[in-house]
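1. sequence-free structure coming up:
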């Protein structure tokens with residue numbers, strides 16, 4: 001049985017219209033993170049974009065349909081992992097990188113590990 005401790009960390013996200021899933025919406029866990037940096041905004045942006053390319057190569061056997069689209073310093077991304085869809089927005093400011101995303105509700109149990117892994121990788125990347 002699953003219990004949610006904080007309903008503010010859960011979003012109900014409509015599925016794509018072309019989805020064959022029998023329900024119109026699915027519970028998603030919110031992922032909100034902010035990582036500080038001391039780089040120029042442009043250098044931080046270049047490093048984040050490079051990281052997404054590396055992730056695509058490194059985890060090619062585990063993720064599929066990785067898409068990213070950038071408009072200035074804001075980028076949206078989406079991918080599938082183990083049959084689940086993940087999506088989010090990255091915003092690079094002069095002093096921070098902000099990540100706002102949706103994880104499958106099943107990933108809620110791993111949210112802490114996901115956050116710590118992202119934070120650890122971001123600290124090295126943005127140092």
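-> Yep, that arrived. Just so it is clear, the model here is predicted, and its values are computed rather than measured. Residues are numbered from 1 along each chain as shown.
2. ranges for the helices of the protein?
-> For the chain, the helices defined by DSSP state H occupy 41-58, 111-125.
3. most neighbours per residue, which of these?
-> With neighbours taken as mean count of other CB atoms under 10 Å, these reach their highest mean count in helix 41-58, at a mean of 15. Glycine gets a C-beta too; all of them are placed from N, C-alpha and C.
4. the longest strand in the protein is where?
-> When the chain is parsed with DSSP state E, its longest strand is strand 25-36.
5. and the angle from it to helix 111-125?
-> Angle, strand 25-36 to helix 111-125, by axes from the mean of the first three to the mean of the last three CA atoms, to 10 degrees: 30 degrees.
6. quick one: residue 108 from residue 123, how far?
-> Residue 108 sits 24 Å away from residue 123, going by CB to CB, to the nearest Å.
7. Could I get the helices of the chain in CSV, plus columns for distance to residue 97 and mean pLDDT?
-> Converted to CSV, the helices of the chain look like this (distance: least, CB to CB, whole Å; pLDDT from 0 to 100):
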stretch, distance to residue 97, mean pLDDT
helix 41-58, 6, 89
helix 111-125, 7, 88
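8. Indicate which one of the ones you listed is closest to residue 82.
-> helix 111-125 (13.0 Å; CB to CB).
9. what's the angle from that closest one to helix 41-58?
-> Using the same axes, to 10 degrees: helix 111-125 against helix 41-58 is 120 degrees.
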